[in-house]
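> Model the structure of this input:
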Amino acid sequence: QVQLVESGGGLVQAGGSLNLTCTASGRAYALAWFRQAPGQARLSVALYKWNERTTYTPSVKGRFSGSRDYEKNVVVLQMNSLRPEDTAVYYCAASPSVNPWTDYTSEKDFQYWGQGTQVTVSS
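Got it, this is the predicted structure:
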């Protein structure tokens, strides 16, 4: 079992920046950030697969950047040039093992979730 603890959400004006941190209690093949706005589905934002480059959903490319510390089991999402449409609850997710039949872009691909952290961007 993997426990995930997120931190770093908050309120920021449009154009501002926030960093989100997710600390996992154990090793995972894939870690990811998802976000869910009110009334909307939970969607992938950034994906960190073991020993691969971080990938991003198109709407955040060029604005968000991620890093992964394999020794500390930590992933960080640096969010720049934030927009009101980035407002959502952000969740960290983990999949401990490899599944060759998935691309890890759906919430169904992840077995463990953090409690979520609110990010609010004011216009």
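> Which residue, other than its chain neighbours, is closest to Gly8?
Leu20 (4.3 Å; Cβ to Cβ, 6 or more residues apart in numbering). Bear in mind the C-beta positions are built from the backbone N, C-alpha and C, glycine included.
> is it true that the one you found touches Leu82?
No - counting by Cβ atoms under 8 Å, Leu20 stays clear of Leu82, with 11.5 Å between them.
> Return the set of residues that bridge with the residue nearest to Gly8.
In this entry, Leu20 is beta-bridged to Leu77, by DSSP bridges.
> count of neighbours near it?
25 (other Cβ atoms under 10 Å).
> Tell me the confidence at it?
Confidence at Leu20, expressed as pLDDT, is 98.
> show me the contacts for it.
Residues near Leu20 by Cβ atoms under 8 Å, 6 or more residues apart in numbering: Glu6, Ser7, Gly8, Gly9, Trp33, Val76, Leu77, Met79, Tyr90, Cys92, Thr117, Val119.
> same thing but at 6 Å, please
Gly8, Leu77, Tyr90 (Cβ atoms under 6 Å, 6 or more residues apart in numbering).
> Can you tell me which of those residues has the most neighbours?
Leu77 (26 neighbours).
> what's the spacing between that residue and Thr55?
12 Å (Cβ to Cβ, to the nearest Å).
> Gly66 and Glu52 touch, don't they?
No - applying Cβ atoms under 6 Å, one finds Gly66 not in contact with Glu52, separated by 11.5 Å.
> Counting neighbours, go ahead and name the busier of these two.
A side-by-side neighbour count of Gly66 and Glu52, using other Cβ under 10 Å, places Gly66 first with 22 against 10.
> which element is the more buried one on?
Here Gly66 sits within strand 64-69, counting by DSSP states H and E.
> remind me which residues of the protein are low pLDDT?
Applying pLDDT under 70 to the chain flags no residue at all.
> helix or strand for the residue lying closest to Thr55 once chain neighbours are set aside, which one?
The shortest distance from Thr55 to any non-neighbouring residue, by Cβ to Cβ, 6+ apart, is to Leu47 (4.9 Å). Leu47 is located in strand 43-49, with elements delineated by DSSP H and E.
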